[in-house]
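Chemist: just need the structure, nothing else, for what follows:
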Amino acid sequence: MKPGMEAGPLPASHGPSPRRLGAAALGLLHSHLELLGIELQEQKGRTLNLLLFAGLGLLFALLLLLGLSTLVMVIVWDSYRLTGIIGLCIVYTIAAVLCGLRLRAQLHDESTPFSATLAELKKDREQLLP
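Modeler: Numbering: from 1, shown residues only. Here you go, the predicted structure:
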């Protein structure tokens, strides 16, 4: 050993080296980017499934609505033609308004897409900053 150098731990005044701090920061950034990528893939798969089943549900609901509307009009055609048409229009209007209100409520209540990444970043910030 050189004179004046001790084999013990570094004094508290020196602290960790800039290289170690940089490596730690890079490691944190890498893990957060991995988590973000995983969450992005999960969100993408969830969105595709939602769109697929929403589209299929809409298609089958429209086919059912068409069949039921035709059945109602065939039954009431001879005696209540105009009343049947107006009644169906009122029912469809009410259903469309209710669906629109429900859609608006779901859009406003959606959680943050990357909540786990944001929570990890907040935790790291709290640990690093006094």
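Chemist: show me where pLDDT drops low in this protein?
Modeler: Residue ranges of the chain with pLDDT under 70: 1-16, 110-114, 128-130.
Chemist: tell me where it has helices.
Modeler: Here the chain has its helices, by DSSP state H, at 18-76, 81-108, 115-128.
Chemist: now the ones you listed in a markdown table, with mean neighbour count?
Modeler: Yep, even glycine has a C-beta here, placed from its N, CA and C like the rest. Output for the helices of the chain, formatted as a markdown table (neighbours: other Cβ atoms under 10 Å):
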| stretch | mean neighbour count |
| --- | --- |
| helix 18-76 | 11 |
| helix 81-108 | 11 |
| helix 115-128 | 12 |
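Chemist: now do residue 89 against residue 67, distance only.
Modeler: 17 Å (Cβ to Cβ, to the nearest Å).
Chemist: one more: residue 91?
Modeler: 15 Å.
Chemist: same question, residue 99
Modeler: Counting by Cβ to Cβ - residue 99 and residue 67 are separated by 19 Å.
Chemist: cool, residue 92 as well?
Modeler: 14 Å.
Chemist: what do you get for residue 41?
Modeler: Remark: distance between residue 41 and residue 67 (Cβ to Cβ) = 40 Å.
Chemist: also residue 105?
Modeler: 30 Å.
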